[in-house]
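> Got a predicted structure plus its sequence, pasted below:
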Amino acid sequence: VLDSAFALRQLRNRALGLENDNVWYVAPDHQGGLWLALDNGIARLERADHLSLFNKQLGLLGTVRALQRHSGRLYAATSQGIYRLQPGRGPEAPQAQFEPVPGAAGEAWALATVGTELYAATPRGLLRLDGARAETVLPEHARSLLALPGGRLAVGLREGLVVLAREGAGWAPRLRLEGEVAGREVRAMAAGNEPGTIWLGTNQEGVYRLALNPGGAPSVTFWGTEAGLPAGPVEPFRARGRLLVRTRQGIFFFENASGGPSAGLGTFKPYLELSRAQADSARPPAWLMDLPGGGLAAEMGGQFYALQPDATAPGGFARRPLAALARIQEDVAERTLIDSDGTLWRGGYEGLVRIGAQALWGSRAAGPAVEFGALLRTVRLGRDSVVFRGAGAAPALRLPYLFGTLRLEYAAPAFDYAAGTEYQ
C-alpha cells in the first residue's frame, strides 16, 4: 500500500497473514478497507492506521501478559519474554515489528515505570530494563508490580509482598509480608482510596488491604465471600478515581461502613452505576477502563461501549458502541492499554491488536461517528401494496391520507460498525 507520494506505507504477504501471495484483484470499500481476491478465497485488509495485528510473524512471541508505554516506546511482557516495538525502517522494512529485550527471555508477568526506569516482574526476579539489556534487581520470583509515591516500588512475590525503596543507586527492602497474606502469590495490586493503602489480589479467592502506617507496623485486612465477593481470584484496579475489583461475575466496589482505612468493616457490592446506562441494573460491567480526557470504555452485556457523563442520558451516561473492539477474538483480550491519543492496544493468546483512534472512536472521543448509505430494498404501502422493489428509479409518490403508513426494508452495509446501527 502506497501513500499519495508513492511511499510504501503497508506490506502484507503470506508471512504477514495473507492466505497466499497471489492477489488477483483489489477493491476498496467505503470504510477504508481493501478487499483482495486471492488464489483461494478473499481477504479484507484494514488500513494500517485503523487496525493492526502483531504476532509471531512480526516478532511478538507468546501470550501477552502486560503492556507498558515507557519513554515513548511500547513494551510487551509475554509468556516468552519482554519485547519492544520498533518502528518501520524505510522501504526495505516498512512494517513496525517487535524485537526482544536482550537478557529478558522467558516468562514475564508485569511491567511498571518508576521515575525514568522500567521494571519487569519475572519468575527469575525483578528486572530493570534499559532497552539494551536487563539487569536483575531482586532475585526472587516476582509476579506483580505497583509504583508507589516517593519513588518506592511494591513487588508481589510467589509468596507474599516486598516494598522496595531507593538506597543509593540501588534498592533496599523496607517492608516484607509473608504470613500476613497466608503465603499466597500476589498477582495484582492497586492503590486504595485512602492514602497509604494497597489492595492485593492473589491466586486464591478474596482480596487483602495493606495499610502502610507511618512509624508503625502495617495492618492487613482480608475480605472474602462472606463480604460479598464471588468465589475465585479477584483483581483490584482503579477507574473513575476509585478502587474497583474485577471478578468472575463482573466488577464490584468496596463500601467501607466506617470510612477509615484501619477498620475491618465494609462489604463489596456489584458496580451497577454504569449498567443503568444500558437499562440493565442487574448486571455489573465485565471490563472497565478510563479514557484519555474523561469518559470510560466498558464491556456490558457482552457489548463494548464508550461512555461519557451526560446528565440528560439514562443512568447519567451517554454511550456509543465500540464494535471495532468487539471484533477482537476472546483469546486476544487479556491486557489493554489506551494511549493518550486514543489508540487502543489489546493483547492476549493470539498476539497484540492495535486499533487506531479514528477507527475506534471516530471523530469524537465519545465514540465512532459512522456514516454510510443504506440500501433501500422494498417500500410497502400498508402491509400489502409494494410501491418500490429495490431496483430502478424510485417513483414520485403522492399518498392519500388514508394510506399514511409506509413499511421500509433496507440493508445497512457497515463492515466495521455493525452494532452501530440504531432503529427507531
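Cool, got the structure.
> which stretches of the stretch 201-350 of the chain form helices?
323-326 (DSSP state H, counting those that start in this stretch).
> quick one: low-confidence parts of it?
Residue ranges of the stretch 201-350 of the chain with pLDDT under 70: 257-264, 275-282, 323-324, 326-334.
> make it 80
Within the stretch 201-350 of the chain, the stretches with pLDDT under 80 are 214-216, 256-265, 274-283, 293, 301-303, 313-317, 321-334, 350.
> So for stretch 19-33, mean pLDDT?
Stretch 19-33 carries an average pLDDT of 83.
> where's the closest residue in space to N13 that isn't next to it in sequence relative to A43, distance?
Nearest residue to N13 in three dimensions, chain neighbours excluded: D21, at 5.3 Å (Cβ to Cβ, 6 or more residues apart in numbering). In short, each C-beta sits where N, CA and C put it, glycine included. Distance, D21 to A43, using Cβ to Cβ, to the nearest Å: 12 Å.
> coming back round to it: tell me, how many neighbours does the residue nearest to N13 end up with?
11 (other Cβ atoms under 10 Å).
> looking at this, it is in a strand?
No. Under DSSP: H, G, I helix; E, B strand; the rest coil, D21 falls outside any strand and is assigned coil.
> Can you get me a residue count around L157?
23.
> what's across from it in the sheet?
L157 has these beta-bridge partners by DSSP bridges: A142, G160.
> wait, doesn't it sit right on E140?
Yes. Counting by Cβ atoms under 8 Å, L157 touches E140, with 5.7 Å between them.
> one step back: please verify my assumption that the residue nearest to N13 contacts L11.
No. Assessed by Cβ under 8 Å, D21 is found out of contact with L11, at 11.4 Å.
> gap between the spatially closest residue to V207 that is not a sequence neighbour and Q68?
Closest residue in space to V207, ignoring its immediate chain neighbours: V234 at 4.6 Å, by Cβ to Cβ, 6+ apart. Between V234 and Q68 the distance is 23 Å, computed by Cβ to Cβ.
> Could I get the full set of helices for the stretch 1-150 of the chain?
For the stretch 1-150 of the chain, no helices turn up when DSSP H, counting those that start in this stretch is the criterion.
> show me where pLDDT drops low in it?
1, 3, 6-18, 29-33, 46-51, 88-95, 131-132.
> The same query, at a cut-off of 70, please.
Of all residues in the stretch 1-150 of the chain, those with pLDDT under 70 make up the ranges 8-9, 15-17, 30-31, 47-49, 90-94, 131.
> What segments of it are strands?
23-28, 34-38, 42-45, 51-54, 64-70, 73-78, 81-86, 97-105, 110-114, 117-122, 125-129, 134-138, 142-148 (DSSP state E, counting those that start in this stretch).
> Please name every helix or strand in contact with the first one.
Packed against strand 23-28 by the contact rule (3 or more Cβ pairs under 8 Å, 6 or more residues apart in numbering; DSSP states H and E) you find strand 34-38.
> ok, now the second one?
Applying 3+ Cβ pairs under 8 Å, 6+ apart, one finds that strand 34-38 makes contact with strand 23-28, strand 42-45.
> and the longest one, how far from the chain's centre?
Centroid separation for strand 23-28 versus its chain: 33 Å, with Cα atoms, centre = their mean, to the nearest Å.
> Residues contacting it, please?
Strand 23-28 has contacts (Cβ atoms under 8 Å, 6 or more residues apart in numbering) with L34, W35, L36, A37, L38, D39.
> Any figure for the gap between the closest residue to the last one other than its chain neighbours and L38?
Leaving out its chain neighbours, the residue that sits closest to D39 by Cβ to Cβ, 6+ apart is N22, at 4.4 Å. The spacing between N22 and L38, counted by Cβ to Cβ, is 6 Å.
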